[in-house]
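Visitor: sequence plus predicted model, see below.
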Amino acid sequence: MPEESLEVRSSLFGEGEAIPKSAAHSMVGGENTSPDLSWSEGPAGTKSYAVTCYDPDAPTTVGFSHWVAFDIPASVHSIDAGGAHGGVTGFSDWGESTYGGMAPPAGDSPHHYVFSVYALDTDSLGAGETTTYALFRFLIRGHVLASGTLTGVFAVPG
């Protein structure tokens, strides 16, 4: 069955636009506050949502995970900036079970930050706060009914 699409939005930035410094990590002068996100309702059978933020441009050979949130109730279609989502927050590549903002190396070309929302056919992935992005991606296999992305950019001047 082909996957459907979700529309993902933020009041802070649009597709391809610069992400404000408030969402950047404190080590580059940001507030480390997750941006607000909203998304269209998932298809019939949606039992929960998941949200991730991933930087494919990070100089790690495997990218960098900034946010892994899952088991978000199906009744939730938005998250306020820095807000709670009613689900579980997994382990980011910052080594914490919380949102970790952008902090690309100074002078790099702008990095792309892909915020993804997944509509899932399960209430719970049966995972906890130590769940990594890689494990999360494995656990959602076969459970994604719809997904959508919003990609912003961020750079630190050199």
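Guide: On my side now, so go ahead.
Visitor: so what pLDDT did the closest residue in space to residue 63 that isn't next to it in sequence get?
Guide: In space, and not counting its chain neighbours, residue 63 is closest to residue 56: 4.6 Å by Cβ to Cβ, 6 or more residues apart in numbering. C-beta coordinates here come from the backbone N, C-alpha and C atoms, glycine included. Residue 56 is assigned 98 on the pLDDT scale.
Visitor: check the burial of residue 56 by counting its neighbours.
Guide: Neighbours of residue 56 under the rule other Cβ atoms under 10 Å: 13.
Visitor: check which helix or strand residue 124 maps to.
Guide: Of the helices and strands defined by DSSP states H and E, none includes residue 124.
Visitor: in contact with the residue sitting nearest the centre point of the chain, which residues are there?
Guide: For the chain, the residue nearest the mean C-alpha position is residue 52 (2.3 Å; Cα atoms, centre = their mean). Residue 52 sits next to 65, 67-69, 114-116, 118, 133, 136 when contact means Cβ atoms under 8 Å, 6 or more residues apart in numbering.
Visitor: can you find the helix or strand in the chain with the smallest mean pLDDT?
Guide: Every helix and strand in the chain was compared by mean pLDDT, DSSP states H and E; the lowest is strand 4-5, with a mean of 93.
Visitor: what's downstream of it, the next helix or strand?
Guide: That would be, after strand 4-5 and using DSSP H and E, strand 8-9.
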